[in-house]
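In: Quick one: sequence and predicted model below, then my questions.
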Amino acid sequence: MIVAGSASQALAAELARELEEPLADVAYDRFPDGELLAAVPEFDADRAVIVASTVSSDAHVELLQLQDAVREAGAEEVVTVLPYMGYGRQDEAFDPGHPVSARAVARAISTGTDRVLTVNPHEEAICDFFEPAAESIDAAGRLAEPLPDDLTDPVFLSPDAGAIELAATVRDAYGTGETDYFEKVRHSGTDVEITPSDVDVADRDVVVTDDIIATGSTMSEAIGVLSERDVGRVFVTCVHPLLVRDAYVRLSSAGVEAIYGTDTIERPASDVSVASSVAARLE
Ligand code: R5P
């Protein structure tokens, strides 16, 4: 039986269709003191597949409750699918006294599950923070699907060295094109500096790929650099379209042709479903 977290309802429904398994009813309540209650009153299956992107602190608590609820309801096996794992970018203690938040949340999630699947974690090593077996699914290649067939001499760029493999994966899935990356220095949560590479983008279509678009600062800087260089069309793609605050508007008004993301986070840019990629690991 598939159990949807509130931030992953469309993906969970698609996964249920792919696997031909029923979707559990989930009942939500909030107590006067603000505490959440997520329950599965009709749950009845040996295996629970909980699909829950942890996009907020409430979503984290909801996931822990759903894990506990399905066990209470008799599930013998609990699989936790984290399409997007929140706090994943805090994968080390960046300053003295800081937590490794990704490890802290992974430990909490581990207590209620027999297996974890996650899609393009910020760093692969995050999987090691979980106690039960944890696997990552690479959905980056799917980002080539909505791209037009007629890209002109395309360049697949990443806004920093860390995302070059994603750009190469999208290029490989598209079938043709050059890859390159910019250098990025982050000064704060929203202040990002991009140093362009030497790649010639004049009159060429460019696809910029990152794992996450959060505030859009990274992509905005990258688009700014490109637009100074007589570029052709610019397409922005990412696995996790977090798109907080005015990020979608900011990128759209910067002159990009389109913004494509997956449904690991449900947003207007979630054109690509990762359901079949997840289903392939669960059949
Ligand atoms: C950082 O290392 C990630 O790969 C992304 O580049 C980052 O999360 C994007 O954040 P923002 O959209 O806020 O610049």
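Out: Looks like it arrived, so ask away.

In: who's in contact with residue 17?
Out: Applying CB atoms under 8 Å, 6 or more residues apart in numbering, we find residue 17 in contact with residue 275. In short, each C-beta sits where N, CA and C put it, glycine included.

In: in the helix or strand that contains it, what's buried?
Out: Under the criterion of DSSP states H and E, residue 17 resides in helix 9-19. For helix 9-19, a neighbour-count test (16 or more other CB atoms under 10 Å) marks 11, 12, 14, 15, 16, 18, 19 as buried.

In: With stretch 92-109 instead?
Out: 100, 101, 102, 103, 105, 106, 109.

In: And stretch 189-200, by the same measure?
Out: By neighbour count with 16+ other CB under 10 Å, stretch 189-200 contains the buried residues 192, 194, 196.

In: Same question for stretch 116-126.
Out: Residues of stretch 116-126 classed as buried: 116, 117, 118, 119, 120, 121, 122, 126 (neighbour count, 16+ other CB under 10 Å).

In: and that stretch, how far apart are its ends?
Out: 11 Å (CA to CA, to the nearest Å).

In: Mean confidence (pLDDT) on it, please.
Out: For stretch 116-126, mean pLDDT rounds to 97.

In: Please apply the same query to stretch 163-177.
Out: Stretch 163-177 shows a mean pLDDT of 97.

In: Now do the buried residues in it.
Out: For stretch 163-177, burial by neighbour count (16+ other CB under 10 Å) applies to 163, 164, 165, 166, 167, 168, 169, 170, 171, 174, 177.

In: correct me, but the second one touches residue 181?
Out: Read it as residue 164. Yes. Between residue 164 and residue 181 there is a contact at 4.5 Å, judged by CB atoms under 8 Å.

In: Can you pull the residues that touch both of the two?
Out: The contact sets of residue 164 and residue 181 overlap at residue 158 (CB under 8 Å, 6+ apart).

In: give me every residue that touches residue 135.
Out: By CB under 8 Å, 6+ apart, residue 135 lies in contact with 116, 117, 118, 127, 281.

In: Now that we have the buried residues of stretch 163-177, can you turn them into TSV and tack on secondary structure and distance to the ligand?
Out: Output for the buried residues of stretch 163-177, formatted as TSV (DSSP: H, G, I helix; E, B strand; the rest coil; distance: CB to the nearest ligand atom, whole Å):
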residue	secondary structure	distance to the ligand
163	helix	6
164	helix	11
165	helix	12
166	helix	9
167	helix	12
168	helix	15
169	helix	14
170	helix	14
171	helix	18
174	helix	21
177	coil	21
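
In: and the closest residue in space to residue 258 that isn't next to it in sequence, what helix or strand is that in?
Out: In space, and not counting its chain neighbours, residue 258 is closest to residue 235: 5.5 Å by CB to CB, 6 or more residues apart in numbering. Using DSSP H and E, residue 235 falls within strand 234-240.

In: Same question for residue 69.
Out: In the assignment (DSSP H and E), residue 69 maps to helix 57-72.

In: Repeat that for residue 86.
Out: Applying DSSP H and E, one finds residue 86 in no helix or strand.

In: so who does the closest residue to it other than its chain neighbours touch?
Out: The spatial neighbour of residue 86 that comes closest, neighbours along the chain excluded (CB to CB, 6+ apart), is residue 54 at 3.8 Å. Taking CB under 8 Å, 6+ apart, we find residue 54 in contact with 5, 7, 60, 63, 82, 84, 85, 86, 87, 105.
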